[in-house]
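# sharing a model prediction with you, sequence too.
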Amino acid sequence: MNDNCIFCKIIGKEIPSTTLYEDEDFCIIMDISPASKGHAILLVKKHVPNIFELDAELASKALVVVSKVAKAMKEELKCDGMNILQNNGEAAGQTVFHLHIHLIPRYKDDQVNITWNPGKYGEGEAAALADAIRKRL
């Protein structure tokens with residue numbers, strides 16, 4: 001736990017929250033500033049700042065929990081879709097530096113806006129980039 005981390009304080013019950021799900025590794029809370037009705041956040045109980053520092057075991061467990069809870073949310077909320085969002089680093093929009101995953105229910109014609117301007121690769125650029133990244137795997 002990190003004494004200066006708001007999510008660690010929520011996990012430690014120092015700050016109240018509405019818990020949707022909890023197990024030994026994760027806590028899912030309702031977002032206090034929801035993008036849409038039902039917006040929830042999975043918190044990793046171990047203080048891990050971002051995905052770059054997350055071990056493979058917790059990463060695989062997290063996706064299982066996200067899938068399970070997303071299915072229950074879709075059934076209960078009757079949402080039309082769901083964004084599963086996880087930001088890493090300030091440049092990516094991360095504002096709380098404790099790994100968390102947003103589950104954002106989406107409804108037809110809602111006002112949630114998660115967009116970017118599509119770019120393009122030059123001839124052979126995607127393949128060269130993929131080759132360079134593969135060498136680091």
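Arrived safely, thanks for sending.

# which residues outside stretch 41-53 are in contact with it?
Residues from elsewhere that reach stretch 41-53, judged by C-beta atoms under 8 Å, 6 or more residues apart in numbering: 1-2, 5, 7-8, 10-11, 21, 24-31, 54, 58-59, 62, 65-66, 69, 86, 88-89, 94, 97-103. C-betas here are computed from N, CA, C, even on glycine.

# which of the residues you listed are buried?
5, 7-8, 10-11, 26-29, 31, 54, 62, 65-66, 69, 86, 88, 94, 97-103 (16 or more other C-beta atoms under 10 Å).

# can you list which of those residues are found in helices?
7, 8, 10, 11, 62, 65, 66, 69 (DSSP state H).

# separation between the residue lying closest to residue 65 once chain neighbours are set aside and residue 127?
Excluding its sequence neighbours, the residue lying closest to residue 65 (C-beta to C-beta, 6 or more residues apart in numbering) is residue 26, at 5.3 Å. Residue 26 sits at a distance of 37 Å from residue 127 (criterion: C-beta to C-beta, to the nearest Å).

# who touches the residue nearest in space to the middle of the chain in this structure?
Note on the chain: the residue nearest the mean C-alpha position is residue 101, at 1.5 Å, using C-alpha atoms, centre = their mean. Each residue near residue 101 by C-beta under 8 Å, 6+ apart is listed here: 41, 42, 62, 66, 84, 85, 86.
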